[in-house]
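A.B. asks: Kindly generate the corresponding structure for this input.
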Amino acid sequence: MDKIRWCARRNDGLTLIEPNDNLSNAYLKKAEEALESASLNVVKDWKISAAYYSLYFSLYSILMKMGVKCEIHSCTIEFTRRFLGEYFSEDEISFLAASLKARIDSQYYVDRSVPDEQYKRMLADAPKFLVKCKSISTKLNEKTINKIRENFKKAIKK
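C.D. replies: Got it, this is the predicted structure:
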């Protein structure tokens, strides 16, 4: 089954809600706070978690602006791959997926380690990603948002 349709069928998966600039801004604030936490923390596992959440909240702020709700992180990333490819490169989307895996590995498993290259990239790229998401958010207009929402509706009906 197509991942987008699978995500749309989950209770906590992809669903359309009213676009909400206030929630979008609140998630940007959460992204900034997570970024600050990543820089202040001294424990690698917590730095990874905080950096990941900065990335995720930055991205999720865009979804809130468009009125797309999702509580499954891999579904949020798949939505980005399918419907926001105009704004994010495949490398950035793959990096988000690898960052999700790094967060899960460091947060839930004691016998898994996150490669130093991934760890360093998360810390280095999270601030840049936040700035990029803010820029995308300011560029999104109602026409573009409606087009993305319509494309999503078509995808889940197939």
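A.B. asks: name the element Thr80 belongs to?
C.D. replies: If you go by DSSP states H and E, Thr80 is part of helix 73-83.
A.B. asks: give me the number of residues near Ser58?
C.D. replies: Neighbour count for Ser58, taken as other CB atoms under 10 Å: 28. The way it works is simple: take the backbone N, C-alpha and C, and place the C-beta from them, glycine included.
A.B. asks: Please read the previous query as pertaining to Ser99.
C.D. replies: 27.
A.B. asks: from what I can see it touches Gln118, true?
C.D. replies: Yes. Taking CB atoms under 8 Å as the definition, Ser99 is a contact partner of Gln118 at 7.3 Å.
A.B. asks: Got the confidence number for the residue of the chain positioned farthest from its centre?
C.D. replies: Here the chain reaches farthest from its C-alpha mean at Asp111, the gap being 26.0 Å by CA atoms, centre = their mean. With respect to pLDDT, Asp111 scores 85.
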